[in-house]
Each structure stands twice: as structure tokens, then as C-alpha cells.
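**Student:** structure for this input, please:
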Amino acid sequence: RTTMNTWEDVNAHKAITGKNKKKLVFAGLWTSVCIVGPVLSAIDEGYDVYVVTDASGDVSKEAHEQAVTRMVQAGAHPITSVQYVLELQRDWARKETYKPVNDLMKKHGGAYGIGIQYAQEMLKH
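**Tutor:** Presented below is the predicted three-dimensional model:
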């Protein structure tokens with residue numbers, strides 16, 4: 001594709017909108033390029049948009065923060081990667097996802113993952 005805004009790519013747009021979901025979650029390489037364009041476009045088309053702010057970066061901290069501010073002003077909901085995963089998990093009694101989510105958090109969840117490791121070691125489960 002040639003456009004910086006994925007939403008403007010016909011095949012990508014069809015793949016996303018063809019799912020008939022009204023909530024979208026975005027993360028990507030550069031917040032001010034890869035994320036801002038499709039997020040603003042999706043909001044313009046009536047989608048409820050979430051942006052995983054700690055799963056994207058930019059050429060500077062200011063560029064990232066200004067891009068996030070721009071999206072929030074337009075109606076996007078900022079969310080962190082750990083928050084997103086835990087909202088999907090919802091309940092630790094969901095056995096089918098308990099181990100994969102804990103393994104993911106231990107590997108990539110930073111301090112939260114360390115807390116899981118500590119709790120599992122202390123509680124021996």
C-alpha cells in the first residue's frame with residue numbers, strides 16, 4: 001500500500017469493517033503515523049476506538065504524547081496493554097485462558113508479571 005493511513009487502503013478497510021464489530025483496538029509502530037490516521041478515520045465512521053498507548057511509540061516522547069492527545073480529543077479511549085489483556089480475561093476462573101494469560105503477563109507484563117511470579121511462588125499454585 002502507499003497510504004500512511006491504513007484505513008484508506010481498500011483491502012485493509014474491507015478486512016476491518018467486514019467483521020461488523022463496532023469496537024476497534026489499535027496499536028502500531030509509530031503513534032503519530034501508523035495509529036493517528038486510522039484511529040481518526042474509524043472514529044469519523046462511528047467506531048468506538050481504543051488505543052493501546054504503551055504498545056506504540058514514536059520518534060520522541062513528545063510526538064507520542066501529542067498523537068495520543070490528538071486521538072483522545074477526537075474520542076479515542078487510551079488503554080494500556082496490561083489493562084487490555086486483563087479486561088479480556090475478566091475472571092481468573094476462566095480456566096481456558098488462565099495459563100496463557102499468566103504466561104504472557106510473566107513474560108511481557110513488567111511489574112505486573114513479576115507480581116504474578118511472586119504470588120505463584122508464595123502460594124505454590
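
**Student:** and the residue positioned nearest the centre of the chain, what does it touch?
**Tutor:** Centre of the chain computed as the mean C-alpha position; nearest residue by CA atoms, centre = their mean is residue 52, 3.1 Å away. Residue 52 makes contact with 25-27, 79-81, 84, according to CB atoms under 8 Å, 6 or more residues apart in numbering. Quick note: C-beta positions are derived from backbone N, CA and C, even for glycine.

**Student:** farthest-apart pair in the residues you listed, please.
**Tutor:** For those, the farthest-apart pair by CB to CB is 26 and 80; their separation is 13.3 Å.

**Student:** who's more crowded, the two?
**Tutor:** Taking other CB atoms under 10 Å, residue 26 and residue 80 do not tie; residue 26 has more neighbours (21 against 14).

**Student:** and the residue lying closest to residue 5 once chain neighbours are set aside, what element?
**Tutor:** The shortest distance from residue 5 to any non-neighbouring residue, by CB to CB, 6 or more residues apart in numbering, is to residue 37 (3.1 Å). If you go by DSSP states H and E, residue 37 is part of helix 36-44.

**Student:** shaky segments in the chain?
**Tutor:** Residues of the chain meeting the criterion pLDDT under 70: 125.

**Student:** strands of that one, residue ranges please.
**Tutor:** 23-26, 48-52, 77-79 (DSSP state E).

**Student:** and the contacts of the last one?
**Tutor:** With CB under 8 Å, 6+ apart as the contact definition, strand 77-79 has outside contacts at 25, 48-53, 68, 71-72, 87.

**Student:** in CSV, list the C-alpha atoms belonging to the helix holding residue 37.
**Tutor:** Taking Å, rounded to 0.1, in the frame of the first residue of the first chain, the C-alpha atoms of helix 36-44 are listed here in CSV:
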residue,chain,number,x,y,z
VAL,A,36,-3.5,8.5,14.3
GLY,A,37,-4.7,8.2,10.7
PRO,A,38,-6.8,5.0,11.0
VAL,A,39,-8.0,5.9,14.5
LEU,A,40,-9.3,9.3,13.4
SER,A,41,-10.9,7.7,10.3
ALA,A,42,-12.5,5.0,12.3
ILE,A,43,-13.9,7.5,14.8
ASP,A,44,-15.3,9.5,11.8
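
**Student:** noted, bye for now.
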